[in-house]
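>>> following is a predicted model, sequence given first.
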Amino acid sequence: MKLTVEGLSVRYCTTQAIDALDVAAHPGEVLAVIGPNGSGKSSLVKAVAGLVKHDGVIRFDGSPVRPERIGYMPQDIGARAALTLLEAVLLGRLGRLGLRVRPDDLAAVEAVLGELALKPLASRYLGELSGGQRQLVFLAQALASEPSLLLLDEPISALDIRHQLEVMEIVLRMTRARSLTTLVILHDLNIAARFADAVMVMRQGRLVCCGKPEGVIDAAMVASVFGVEASLSIDPQGRLIVTPLRALAAA
Ligand SMILES: Nc1ncnc2c1ncn2[C@@H]1O[C@H](COP(=O)(O)OP(=O)(O)OP(=O)(O)O)[C@@H](O)[C@H]1O
C-alpha cells in the first residue's frame with residue numbers, strides 16, 4: 001500500500017520543523033530518510049504516525065493512516081517501565097489484544113523474538129538489558145504488531161556492526177515478504193546506500209532530493225547537505241561506499 005505525503009508542515013512553537021514536504025513511499029520497498037541533526041526526519045515519521053500536529057495530507061492506500069496499520073519504533077527508547085522483554089514486545093500488539101493474550105498474539109511475538117534472537121532474554125526486565133538489546137526490543141515491538149506501514153527512527157544507532165547488518169537484513173526481508181511500506185531514518189550513508197530502495201534527503205525541514213541511492217548520494221550532496229567532504233567509490237560487489245574525509249568550514 002502506497003504512502004503519500006503532500007504539503008506536510010510541522011511546527012513546534014517558533015520552530016518550523018517541516019515545511020511543505022511532498023514524498024511517496026511504495027509497498028515492498030525501504031525508503032531511507034537521511035539528513036543532518038534537526039533537519040526534521042523524526043518529525044516526518046511522527047507526523048505519519050499521527051503523533052504530532054501537522055498540516056498537509058497523509059494517505060496510506062488512499063485513506064488516512066489507521067493506527068493499527070503502523071509499526072512505529074521511536075528514537076528515544078527510555079526503559080523506565082517495569083516490564084519484561086516479553087511483556088514489552090506484547091505491547092506492540094496492543095491494538096489487537098483483547099482482555100486476554102490469545103495464542104496468535106504469543107505466536108506472533110515468539111516469531112519476532114526468534115527472528116531477532118531475543119528469546120533467551122524474554123524474561124529479563126528492560127532495565128536489565130544493554131542499550132543495544134533494548135533497541136532490538138523496540139524493533140521487535142514494532143514488528144510484532146504485524147504492520148503494513150513500518151516507521152523506524154534510527155533503529156540501529158545503538159547496535160554493533162554485526163547487529164546493524166542483521167537488523168537491516170531483517171527489515172529488508174520483511175519489507176519484501178510482507179509487502180510492507182517501510183520508512184527508516186538512518187545516519188549511516190553506507191547502510192542507506194546498501195539497504196534502501198530509495199533515499200530521501202532532508203535539510204532544514206525541506207526535501208532536498210529523493211530517488212535511488214546511487215542517484216542521490218554523491219559528493220556534492222554530502223558536501224552541501226552535511227557539510228562534509230567525502231570520497232565515493234564502488235566496491236568489487238558494485239556497492240556504493242562513502243568515506244567521510246573532513247568537515248567543511250561553515251559557508
Ligand atoms: N517537541 C518539540 N518541541 C519543540 N521543538 C522541537 C520538538 N521536537 C523537535 N523540535 C525541533 O524541530 C526540529 C526538527 O527536529 P527533528 O527531531 O524532527 O529532527 P531530526 O532530523 O530527527 O534530528 P536528529 O537527527 O537529531 O534526530 C529541530 O529544530 C528540533 O529542535
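Alright, I've got the coordinates. Numbers count the residues shown, from 1 in each chain.
>>> what residues does the stretch 1-150 of the chain have near the ligand?
For the stretch 1-150 of the chain, the contact set with the ligand under CB under 6 Å from any ligand atom comprises 12-13, 15, 17, 35, 37-43, 75. Every C-beta, even on glycine, is put in place using the N, C-alpha and C of the backbone.
>>> burial measure for the nearest residue to residue 169 once chain neighbours are set aside, as a count.
Closest residue to residue 169 apart from its sequence neighbours, by CB to CB, 6 or more residues apart in numbering: residue 195 at 7.8 Å. Counted with other CB atoms under 10 Å, the neighbours of residue 195 add up to 23.
>>> also the one 10 residues further on?
Here the neighbour count serves as a burial measure; for residue 205 (other CB under 10 Å) it reads 23.
>>> now do the same contact list for it.
Taking CB atoms under 8 Å, 6 or more residues apart in numbering as the criterion, residue 205 is in contact with 10, 16-19, 21, 39-40, 43.
>>> angles on the backbone of it, please.
Main-chain dihedrals, residue 205, degrees, to the nearest 10: phi 80, psi 0.
>>> now it: how far from residue 35?
Per CB to CB, to the nearest Å, residue 205 is found 9 Å from residue 35.
>>> nearest spatial neighbour of the residue of the stretch 51-200 of the chain found nearest the ligand, skipping sequence neighbours?
As assessed by CB to the nearest ligand atom, the ligand sits closest to residue 75 within the stretch 51-200 of the chain, at 5.8 Å. Excluding the flanking residues, the one nearest residue 75 by CB to CB, 6+ apart is residue 153, at 4.1 Å.
>>> give me the pLDDT value at that neighbour.
The score at residue 153 is 97. That number is its pLDDT.
>>> where does the prediction get shaky in the stretch 101-250 of the chain?
Applying pLDDT under 70 to the stretch 101-250 of the chain flags no residue at all.
>>> hmm, 90 instead?
For the stretch 101-250 of the chain, the stretches with pLDDT under 90 are 101-105, 131, 145, 249-250.
>>> all helices for it, in order.
With DSSP state H, counting those that start in this stretch, the ranges of helices along the stretch 101-250 of the chain come out as 103-115, 131-144, 161-177, 189-195, 213-216, 219-226.
>>> which element is residue 17 on?
Assigned by DSSP states H and E, residue 17 belongs to strand 15-25.
>>> would you mark the buried spots in stretch 170-177?
Neighbour-count burial for stretch 170-177 flags 170-172, 174-175 (criterion: 16 or more other CB atoms under 10 Å).
>>> just stretch 181-192 next, same as before
The neighbour-count check on stretch 181-192 (16+ other CB under 10 Å) flags 181-186, 188-192 as buried.
>>> what's the end-to-end length of it?
Using CA to CA, to the nearest Å, the end-to-end distance of stretch 181-192 comes to 16 Å.
>>> does the ligand sit close to it?
No - taking CB under 6 Å from any ligand atom as the criterion, stretch 181-192 and the ligand are apart, separated by no less than 6.5 Å.
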